[in-house]
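1. Here is a sequence with its predicted model. Questions after.
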Amino acid sequence: MKQQDQYRGLPVAYRFIIAALLSLGLVLADTSLHISKEIRVPVDTILGPLYSVANTPAVAAYAARQQLRTRYQLVEDNRRLQETLMLLKSELLKYGQMKQENEKLRALLGSPIQSDSRVEVAEIMSVATDPFEQRIVINKGKLAGVYEGQPLIGEDGIVGQITDVSPYMSRALLISDRNHSVPVRNVRNDIRGIAGGTGFVDMLVIDDLPRNVDIRVGDLLVTSGLGGKFPRGYPVARVVEYSPDNGTGFAEVKARPVEDLSRLRYVLLMWPAEYFAPDGQNTGSQSIDFVKRGVSLVR
Amino acid sequence: MYGNFLTFVMVYGSMLLALILNIMAPPPVIQHFYPNILLLTVMFWSVKIPRMVSIGHGFCAGLMLDLLVGSTLGIRAFAFSLMLYMLASAFSKFETYSMLQQSVSVVIISLTGQIMTFWLEHMFGLAFIDYHMILSCVSDMILWPALWVSLGFLIRFRHVRNTNSEN
């Protein structure tokens, strides 16, 4: 290292002061100017092979487990999958009809018709991330069309959203991170709120709801689509704790994400069709839609 | 002992390997016990070859880790610099310590670094304390003797080769 040669004669205290000033300067520069976002693409391109190498044992272990499965297990798996597929197919028969009906009704109401969104499967790379944050790294990047702020869903519900995009990989923030919030709606009575992460994978909190709010344990919260990031109607969490009195004047509502965020292996990248519209016309009409129907925000 | 190609390969090779091991996500069972391998490796070299590996290397190793885990730049760089400074100043006779003393010193240094990392993350983000970091420091303590012996073998091998070629 050049720096090392330059300061070879310096006492350790001076070296430490230089290193400390440099790193604290970096911290300040990063927090105010977000330089790590700017240099993310070249850095990930250079350090990408390191991620691949670090990911190899996990991939190999998975492959080995797959190889070592017995015939019985495979037959059993196959049977289970066939069963699930049949169930889903029969559900789908209903879905097609209901979708048509829904579109007709929406047309009657004059609401914008929700068009289908595109999804793609991405694999989670098993590399370490900041232990103080809830993040994942996935193996699809800009070349696959991933964009910043893109919603990620799992098989049961919302997982998180993309924060950094590199050509071959991207990072995502989970909904349980303390820096993440997702606008939600209670399915039972359409009460809206904002579910914020807590830093624990199995806990979200819905802040700022009035103490007399009608929320019960077991209520399903789905995305309301108000933030403009997540398409509406996807399950987020189920209420596990509700107490009207926590001494702050607001109700205390805790919810558990429906997706098990600690055991993710594959996620679905979603390109919501409604946000592809030029000049964001559709997203605008979505909120107008709410105003028209005279629904006021619960706040 | 330094400035030589083989030493160069040995030091940076082991550091690169340690970096890769460090960013590998361990199975969930041992997740909290996963030691800070990169830190231990840099500490080892800074004890053995202090004129080549010192705070500058700690800074670079920490910065690499910052870039790879995607946290705020400079946080681990600062923590690593601090830990190597502690090692170089407060534990200046480290190499002469008994293995137990060394391991205990490693825990003290590693825990200080972890707390410093948490503190900085807390100041510039929304992190909150995770007491599991103590477990990884305990793993550091257990791993240190193994690392000391195995990397020591590397040095001995290199040393023997060196004297042979000089004769």
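-> Everything's here; your move.

2. At the geometric centre of the chain, which residue do we find?
-> Picked chain A for this. Geometric centre of chain A, nearest residue: residue A:160, 0.6 Å, by CA atoms, centre = their mean.

3. um, chain B though
-> Chain B has residue B:39 as the residue nearest its centroid, 1.8 Å off, counting by CA atoms, centre = their mean.

4. Doesn't that one belong to a helix?
-> Yes. Assessed with DSSP: H, G, I helix; E, B strand; the rest coil, residue B:39 lies in a helix.

5. Which residues of the stretch 51-200 of chain A lie near chain B?
-> By the rule CB under 8 Å from any CB of the partner chain, the part of the stretch 51-200 of chain A lying against chain B is A:51, A:53-55, A:57-58, A:126-133, A:135, A:137, A:164, A:171, A:178-179, A:199. Quick note: C-beta positions are derived from backbone N, CA and C, even for glycine.

6. Filter those down to the buried ones and hand me the PyMOL line.
-> A single PyMOL command is used to select the members of these judged buried by 16 or more other CB atoms under 10 Å in any protein chain shown:
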select buried, chain A and resi 51+53+54+55+57+58+126+127+128+129+130+131+132+133+135+137+164+171+178+199
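
7. Confidence-wise, which helix or strand of the chain is lowest on average?
-> No chain in the question, so chain A it is. Lowest by mean pLDDT, DSSP states H and E among the helices and strands of chain A is helix A:281-292, with a mean of 40.

8. give me phi/psi at residue B:28?
-> Dihedral pair for residue B:28: phi -50, psi -30, per degrees, to the nearest 10.

9. mind listing what it touches?
-> residue A:262 (CB atoms under 8 Å, 6 or more residues apart in numbering or on different chains).

10. Okay, it and residue A:58: tell me how far apart.
-> Residue B:28 sits 12 Å away from residue A:58, taking CB to CB, to the nearest Å as the criterion.

11. Assign the residue nearest to residue B:132 when sequence neighbours are not counted to helix, strand or coil.
-> Counting by CB to CB, 6 or more residues apart in numbering or on different chains, residue B:132 lies nearest to residue B:32, which is 4.0 Å off, once chain neighbours are set aside. Under three-state DSSP, residue B:32 falls in the helix class.

12. Residue B:32 touches residue B:138, doesn't it?
-> No. Taking contacts as CB atoms under 8 Å, residue B:32 lies outside contact range of residue B:138: 9.9 Å.

13. just checking, residue A:255 is part of a strand?
-> Yes. Assessed by three-state DSSP, residue A:255 belongs to a strand.

14. Distance check, the closest residue in space to it that isn't next to it in sequence against residue A:186.
-> In space, and not counting its chain neighbours, residue A:255 is closest to residue A:237: 3.7 Å by CB to CB, 6+ apart. Using CB to CB, residue A:237 is found at 11 Å from residue A:186.

15. got any ranges where the stretch 51-200 of chain A has weak pLDDT?
-> A:112-116 (pLDDT under 70).

16. from it, which residue is nearest to chain B?
-> residue A:132 (3.4 Å; CB to the nearest CB).

17. List the contacts of that residue.
-> If a contact means CB under 8 Å, 6+ apart, then residue A:132 has B:71, B:118, B:121, B:122, B:125, B:127, B:128, B:130 as its contacts.

18. number of nearby residues for the fifth one?
-> When you say that, I think you mean residue B:125. 17 (other CB atoms under 10 Å in any protein chain shown).

19. Run a quick check on it versus residue A:173, I expect a contact.
-> No. Using CB under 8 Å, residue B:125 makes no contact with residue A:173, being 11.9 Å away.
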